[in-house]
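>>> got a predicted structure here, sequence first:
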Amino acid sequence: MPSWADEMDKMFEGTNSLTEGAKGFTPAIDVYETKDSVVVETPLAGVDPKDVEVTVQNGVVTVKGEIKKETEVDEKNYYRKEVRSGSFYRQVALPAKVQEDKTNAEFENGMLKVVMPKAPEVKAKTIKVAVKKK
């Protein structure tokens with residue numbers, strides 16, 4: 001079983017027990033509400049939009065994809081390497097019910113914006129109780 005110190009080292013190396021052995025990262029994400037929608041924004045500079053997949057299901061939005069580096073040279077003697085490549089995956093619970101089938105995702109200037117219209121509120125139906133006499 002890995003020690004606490006081992007897990008901390010892995011965290012600072014950009015891996016954890018869930019992604020060990022896989023190059024990847026977790027993008028920052030903003031979630032906010034407008035009057036009519038729930039909006040998710042995440043900066044994905046350097047990502048080709050065709051390599052991004054967005055799903056909305058059961059009140060959870062999932063953003064996943066991959067940054068592909070076509071010409072990675074393993075012989076480089078990096079002093080510091082912070083430019084990320086590899087896969088990413090992010091899942092966030094939504095603060096309100098949305099119309100999942102009407103979700104719209106746009107990618108502009110390295111920013112992914114997902115707009116989900118809020119679902120109309122369902123009002124409780126009051127049922128009159130009928131009294132039967134025997």
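Now that the structure is in, tell me what you want to look at.
>>> what about Gly46, how many neighbours?
12 (other C-beta atoms under 10 Å). In short, each C-beta sits where N, CA and C put it, glycine included.
>>> that one belongs to a strand, doesn't it?
No. Read with DSSP: H, G, I helix; E, B strand; the rest coil, Gly46 is coil and lies in no strand.
>>> please list all residues in contact with the closest residue to it other than its chain neighbours.
Excluding the flanking residues, the one nearest Gly46 by C-beta to C-beta, 6 or more residues apart in numbering is Ile67, at 5.6 Å. Neighbour list for Ile67: Leu44, Gly46, Val47, Asp51, Arg84, Ser85, Gly86, Ser87, Phe88 [criterion: C-beta atoms under 8 Å, 6 or more residues apart in numbering].
>>> could you list the low-pLDDT ranges of this protein?
Applying pLDDT under 70 to the chain picks out residues 1-23, 69-75, 81-84.
>>> okay, helices next: where are they in it?
Remark: helices assigned in the chain by DSSP state H are 4-12.
>>> which non-adjacent residue is nearest Val31?
Counting by C-beta to C-beta, 6+ apart, the nearest residue to Val31 once its immediate chain neighbours are dropped is Val40, at 5.2 Å.
>>> from what I see, that neighbour and Val63 are in contact.
Yes. Contact status for Val40 versus Val63: in contact at 7.3 Å, counting by C-beta atoms under 8 Å.
>>> how many neighbours does Met116 have?
By the measure other C-beta under 10 Å, the count of residues near Met116 is 25.
>>> name whatever forms a beta bridge with the closest residue to it other than its chain neighbours.
Nearest residue to Met116, sequence neighbours excluded (C-beta to C-beta, 6+ apart): Val98, at 3.8 Å. Per DSSP bridges, the residues bridged to Val98 are Lys118.
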